[in-house]
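[1] the sequence and its predicted three-dimensional model are supplied below.
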Amino acid sequence: MSSALTDLFPHPIVQAPMAGGVSLPRLAAAVCEAGGLGFLAAGYKTADGMYEEIKQLRSLTSRPFGVNLFMPQPEYPGASTGSTGAADAASPYAAAIEVYAHQLAGEATWYEAELGDPESGRDDGYETKLAVLRDNPVPVVSFHFGAPSRDVVDALHRVGTFVLVTATTPDEARAVERAGADAVIAQGVEAGGHQGTHQDVPERDGSGIGLLALVAQVREAVSIPVIAAGGIMRGGQIAAVLAAGASAAQLGTAFLATPESGAHALHKQALTNPLFVRTELTRAFSGRPARGLVNRFLREHGPYAPAAYPEIHHLTAPLRKAAAKAGDAQGMALWAGQGHRMARELPAGQLVEVLAGELAAATTALAGGGVR
């Protein structure tokens, strides 16, 4: 990785931006202060909300940090050409969303909540957020669900911002490099939360690439640095991805259980609760593949959820909120990576220090030919 980017965080540890209120300023600040790269998640927030969190974070640390944006979602085949980008009522996608809404009627009754409006917007305030980040530059901006245009990357470079973009295949990594990004985040299928695929192709469901294989393939596909993401919970795993060619590791689930995380208490407890034995990629909550702990909602609705993001996200949002309010983890989106049972309830700064110590020990063992 370029020395300028590496200098931003002494430890090769990046805290993944987790949308939905998890990546709070206090979490990012604690990671930054400990020598990692903390991130805010602008997804599902307004531009004003993002800006307020940036100001809060700057009041907590003078260390460099990052902000993550969701790429606008393309219209589906058959979508209208209107300004809303909403699917035409006659399109198969609108029909599939309507069928799924009928299926969720029982959930709405059970939680005494109304289903959300699936046509609540597709671009997540992208252009407005970009304008804020150009006017008020931050050290790093990352993108999920696709690669930004070269013009967008160039504009961020002009104000001194480094650009990172998620990729889940070598082809996507090549697109990231063509866009002019400074590094690619190689996200393995083990990762919790949404897969950052550039196109939502249902035929690819369940066929993601494991992290170590992906890092190796991406390293051969592009010349820009690679940040490895997916299922990493220990310093020894960070050493492994660095040995495989990554320049740093991005961890999300590992920070989910920290006290600085904004995750619901039930979500944090579920990570190590024996009741939740495995994770699965599902469209049940958002209409896009995302890895979460298998609970009742995922089991009952996952097989029938259509490929329609963010419509399904908007549709189920009130249900997820009501389930959390009712203290029912079986109705919540419990995003988690495959290493969730290794979660440690440590303060975020201490977790960075522990991970750095484990990384150093593993690196020493590897250099000496030992196995730990």
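    That came through, no problem.
[2] excluding its own residues, what touches stretch 260-274? List them.
    The contact list for stretch 260-274 (CB atoms under 8 Å, 6 or more residues apart in numbering) reads 18, 21-24, 26-27, 30, 253, 255-257, 276, 293, 295, 324, 327, 329, 332, 334-336, 340-341, 343, 345, 347-348. Glycine gets a C-beta too; all of them are placed from N, C-alpha and C.
[3] quick one: end-to-end distance for that stretch.
    Terminal residues of stretch 260-274 lie 24 Å apart, using CA to CA, to the nearest Å.
[4] buried subset of the contacts of stretch 260-274, written for PyMOL?
    Filtering these down to the buried ones (16 or more other CB atoms under 10 Å) takes a single PyMOL command:
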select buried, resi 18+22+23+24+26+27+30+253+255+256+257+276+293+295+324+329+332+334+335+336+340+341+343+348
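[5] now do the strands in the stretch 101-250 of the chain.
    140-144, 162-167, 183-187, 193-194, 226-229, 248-251 (DSSP state E, counting those that start in this stretch).
[6] which among those is found nearest to His313?
    Closest to His313 of the strands of the stretch 101-250 of the chain, according to CB to CB: strand 193-194, at 9.5 Å.
[7] any idea how far that closest one is from the middle of the chain?
    Taking CA atoms, centre = their mean, to the nearest Å, the mean C-alpha location of strand 193-194 is offset from the chain mean by 5 Å.
[8] again with stretch 167-185
    16 Å.
[9] ditto for stretch 299-306
    Worked out by CA atoms, centre = their mean, stretch 299-306 lies 21 Å from the chain centre.
[10] list the contacts of it.
    In contact with stretch 299-306 (CB under 8 Å, 6+ apart) are residues 93, 96-97, 99-100, 103-104, 107, 280, 282-285, 287, 312.
[11] same check, this time on stretch 336-347
    Contacts for stretch 336-347 (CB under 8 Å, 6+ apart): 30, 190-193, 230-234, 237, 252-254, 256-260, 268, 270-272, 276, 279, 291-293, 351, 354.
[12] how many residues are close by the closest residue in space to Gly357 that isn't next to it in sequence?
    Nearest residue to Gly357, sequence neighbours excluded (CB to CB, 6 or more residues apart in numbering): Gly235, at 6.6 Å. Gly235: 21 surrounding residues under other CB atoms under 10 Å.
[13] kindly report the same for Pro274.
    6.
[14] check contacts around Gly349.
    Here Gly349 is in contact with 30-31, 33-34 (CB under 8 Å, 6+ apart).
[15] among those, which ones are in helices?
    Using DSSP state H, the subset of the contacts of Gly349 located in helices is 30-31, 33.
[16] which one of those residues sits closest to Ala175?
    Distances from Ala175 to the ones in helices among the contacts of Gly349, taken by CB to CB, are shortest for Val31, at 28.4 Å.
[17] tell me which element the nearest residue to the closest one once chain neighbours are set aside is part of?
    Spatial nearest neighbour of Val31, chain neighbours left out: Gly38 (3.7 Å); criterion: CB to CB, 6+ apart. Taking DSSP states H and E as the criterion, Gly38 maps to strand 38-41.
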